[in-house]
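**Student:** What shape does this take:
(2 chains)
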Amino acid sequence: DIQMTQSPSSLSASVGDRVTITCRASQSITTYLNWYLQKPGKAPKLLIYAASNLQSGVPSRFSGSGSGTDFTLTISSLQPEDFATYYCQHSYRSQFTFGQGTKLEIK
Amino acid sequence: EVQLVESGGGLVQPGGSLRLSCVASGFTFSDNWMHWVRQAPGKGLVWVSRINSDGSATDYADSVKGRFTISRDNAKNTLYLQMSSLRAEDTAVYYCARDPGPGGADYWGQGTLVTVSS
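**Tutor:** Numbering: from 1, shown residues only, chains lettered A, B, ... in the order given. This next block holds a predicted model:
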């Protein structure tokens, strides 16, 4: 099975900061990589699909890049509503493993 | 408006069974793959299972293979998860989610809590 490893596990930042979260797959998943945001008590929300495609309705400050095994999610200018937990997930072949999550907190 | 509404969660003893349902509305259910994803209290997201649009192909996480069965009734716009031989570690909120194809799950239900305890 393909393992997904996110870093960092937690991150403190301020409103207006530029933030990058990374996700590494244990083997190549080409661009079958998705990013989600989750707030406490709520269902996850899809931000980026297929590594770099912005989901409809998601602000343009979110962007994704990468291919193969290494991927990044970048938030260009943090807003108060962005403080949440972020997950990567691969959708390569028959398994859809999530990363362990990155908790983004206010500094 | 796309809606996914899960039901069927509750308290069950170890070794017991439970069937979750997810009723879909606001889109053509039979055109979409569907997933079940779970989240134990205070923990991260864990993918459980997925089914293709006509129900002919299914996949499972290793942790539930042989114990859980995903199915769908496209005439009723409903997704199911039959869970058996339940263990304490199956305790979680279970979400159903729509997978339209390009990648990722774009709509999620509100979740239903399954608690496995004696």
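**Student:** show me the contacts for the residue located most distally from the centre of chain B.
**Tutor:** No residue in chain B sits farther from the centre than B:Ser118, which is 23.0 Å out by CA atoms, centre = their mean. If a contact means CB atoms under 8 Å, 6 or more residues apart in numbering or on different chains, then B:Ser118 has B:Gln13, B:Pro14 as its contacts. To be clear about C-beta, it is placed using only N, CA and C from the backbone, and glycine gets the same treatment.
**Student:** So it versus B:Gly15, what's the distance?
**Tutor:** 9 Å (CB to CB, to the nearest Å).
**Student:** Then B:Trp47?
**Tutor:** B:Trp47 is 24 Å from B:Gly15, by CB to CB.
**Student:** Who is the spatially closest residue to B:Ile70 that is not a sequence neighbour paired with across the strands?
**Tutor:** If the residues on either side of it in the chain are set aside, B:Ile70 comes closest to B:Ser49, at 4.2 Å by CB to CB, 6 or more residues apart in numbering or on different chains. Beta-bridge partners for B:Ser49, by DSSP bridges, are B:Trp36, B:Tyr60.
**Student:** need the contact list for the residue nearest to the spatial centre of chain B.
**Tutor:** When CA atoms, centre = their mean is applied to chain B, the residue found nearest the centroid is B:Trp36 (3.1 Å). Going by CB under 8 Å, 6+ apart, B:Trp36 touches B:Leu20, B:Cys22, B:Val48, B:Ser49, B:Arg50, B:Ile70, B:Leu79, B:Leu81, B:Tyr94, B:Tyr95, B:Cys96, B:Ala97.
**Student:** quick one: the strands in the chain?
**Tutor:** If you meant another chain, say so; for now it's chain A. A:4-7, A:10-13, A:19-25, A:33-38, A:45-49, A:53-54, A:62-67, A:70-75, A:85-90, A:102-106 (DSSP state E).
**Student:** look at chain B instead
**Tutor:** Going by DSSP E, chain B shows strands at B:3-7, B:10-12, B:18-25, B:33-39, B:45-51, B:58-60, B:68-73, B:78-83, B:92-99, B:107-108, B:112-116.
**Student:** Indicate which one of those strands is closest to A:Leu11.
**Tutor:** strand B:45-51 (18.0 Å; CB to CB).
**Student:** Can you give me the separation between the closest residue to A:Ala43 other than its chain neighbours and B:Val12?
**Tutor:** Spatial nearest neighbour of A:Ala43, excluding adjacent residues (CB to CB, 6+ apart): B:Trp108 at 3.8 Å. Taking CB to CB as the measure, B:Trp108 falls 23 Å from B:Val12.
**Student:** picking that back up, tell me the most buried of the strands of chain A?
**Tutor:** Greatest average neighbour count among the strands of chain A goes to strand A:33-38 (a mean of 27), per mean count of other CB atoms under 10 Å in any protein chain shown.
**Student:** any low-confidence regions in chain A?
**Tutor:** The model of chain A has no residue with pLDDT under 70.
**Student:** Look up the closest residue to the residue positioned nearest the centre of it, ignoring the ones flanking it.
**Tutor:** In chain A, the centroid-proximal residue (CA atoms, centre = their mean) is A:Trp35; its distance is 3.8 Å. Closest residue to A:Trp35 apart from its sequence neighbours, by CB to CB, 6+ apart: A:Ile48 at 4.1 Å.
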